[in-house]
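In: Coordinates for the following, if possible.
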Amino acid sequence: MKISKTKKQKPNKYTISSDSEESVASLIHLTNYDSDDAMLPLSSFVQPKPVNYKEVKWEEIKTDVFLLVKFVGGARKVTTYKYVCVIKEKDKEDNEIAIVRLRALNEVCSDFYINESDESFIQMDMVVAILPQPEIKFEKRKMIYSFPGTIDVFKKP
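Out: Below you'll find the model as predicted:
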């Protein structure tokens, strides 16, 4: 379907014609312009649901498992940041976990990529939750980890 402005009607009045296969429900008109740029898919305004987290258990900590991890930082070391990380290895003797931090690609924090330069060791008490396995995509030679919903991260600006 196509939404177009008619000349004989008052401004902001639109008529619907069935020239196109797109449904009206999937489009929203944002401005008074007649250009295609004014039409955006409704999906661009829908917020994904939050990801369901798993309870943290030492037995579940394995290589290639994704975690939500808290770090304390800031000027006075009182700000708590939360990041998505992936486990590189688990040190059973020292109870340490080698991780690599991921960076968010979108505002809703559902797509991430690995930041290879940001590796560290964490303790078990820093793990907030175990995340579900993401879908892996490739964009512009980058491996993108796409989770089924939003993840509650708090990152440095």
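In: Can you give the domain ranges for this protein?
Out: Per automatic domain parsing, the domain ranges recorded for the chain read 2-44, 58-146.
In: mean pLDDT lowest for which of these?
Out: In terms of average pLDDT, domain 2-44 trails the rest of the domains of the chain, at a mean of 48.
In: all strands for this structure, in order.
Out: With DSSP state E as the criterion, the chain has strands at 2-5, 14-17, 27-29, 39-41, 66-73, 79-91, 96-104, 111-123, 127-130, 135-139, 142-146.
In: So for Lys49, which of those strands sits nearest?
Out: Ranking these by proximity to Lys49 (C-beta to C-beta) places strand 142-146 first, at 14.2 Å. For the C-beta atoms, the positions are set from N, CA and C on the backbone; glycine is no exception.
In: tell me what that closest one is packed against?
Out: Judged by 3 or more C-beta pairs under 8 Å, 6 or more residues apart in numbering; DSSP states H and E, strand 142-146 is in contact with strand 111-123, strand 135-139.
In: out of these, nearest to Asp152?
Out: Closest to Asp152 of these, according to C-beta to C-beta: strand 111-123, at 13.3 Å.
In: Report the buried residues of that closest one.
Out: Asp111, Phe112, Ile114, Ile122 (16 or more other C-beta atoms under 10 Å).
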